[in-house]
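1. I'll drop the sequence and a predicted model, then ask my questions.
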Amino acid sequence: MGLNKGSSREAISSNIKKLVDEWEDDGTIGNSHPRSKKKAVKQAVAISLKKAGKSKYQDKDSRK
């Protein structure tokens, strides 16, 4: 899986892309098996933000 370290937007979006590509290849993200692409993307976002030490809500507040 090998995700990038860092909390920049570039690192987070790169990790999301890696996770979604992994799901498209074999239908899994880690140990889970999301059935739709929408759920896979949501899960990839959550994993990437967790790895970066951020939350979905912190990211929205920092854009102001």
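-> Ah, there it is. Numbers count the residues shown, from 1 in each chain.
2. show me what contacts residue 28?
-> Taking Cβ atoms under 8 Å, 6 or more residues apart in numbering as the definition of contact, the neighbours of residue 28 are residue 22. The way it works is simple: take the backbone N, C-alpha and C, and place the C-beta from them, glycine included.
3. which other residues reach stretch 43-60?
-> 3, 5-7, 11-13, 15-16, 19-20, 23, 29-30, 32, 34.
4. Which ones among the residues you listed map onto helices?
-> Secondary structure from DSSP state H places 11-13, 15-16, 19-20, 23 of the contacts of stretch 43-60 in helices.
5. Can you add pLDDT, neighbour count and distance to residue 44 and give those residues back as JSON lines?
-> Supplementary listing: these in JSON lines, determined by pLDDT from 0 to 100; neighbours: other Cβ atoms under 10 Å; distance: Cβ to Cβ, whole Å:
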{"residue": "11", "pLDDT": "95", "neighbour count": "16", "distance to residue 44": "13"}
{"residue": "12", "pLDDT": "95", "neighbour count": "20", "distance to residue 44": "10"}
{"residue": "13", "pLDDT": "95", "neighbour count": "13", "distance to residue 44": "10"}
{"residue": "15", "pLDDT": "96", "neighbour count": "23", "distance to residue 44": "8"}
{"residue": "16", "pLDDT": "96", "neighbour count": "19", "distance to residue 44": "5"}
{"residue": "19", "pLDDT": "96", "neighbour count": "23", "distance to residue 44": "4"}
{"residue": "20", "pLDDT": "96", "neighbour count": "18", "distance to residue 44": "5"}
{"residue": "23", "pLDDT": "96", "neighbour count": "21", "distance to residue 44": "7"}
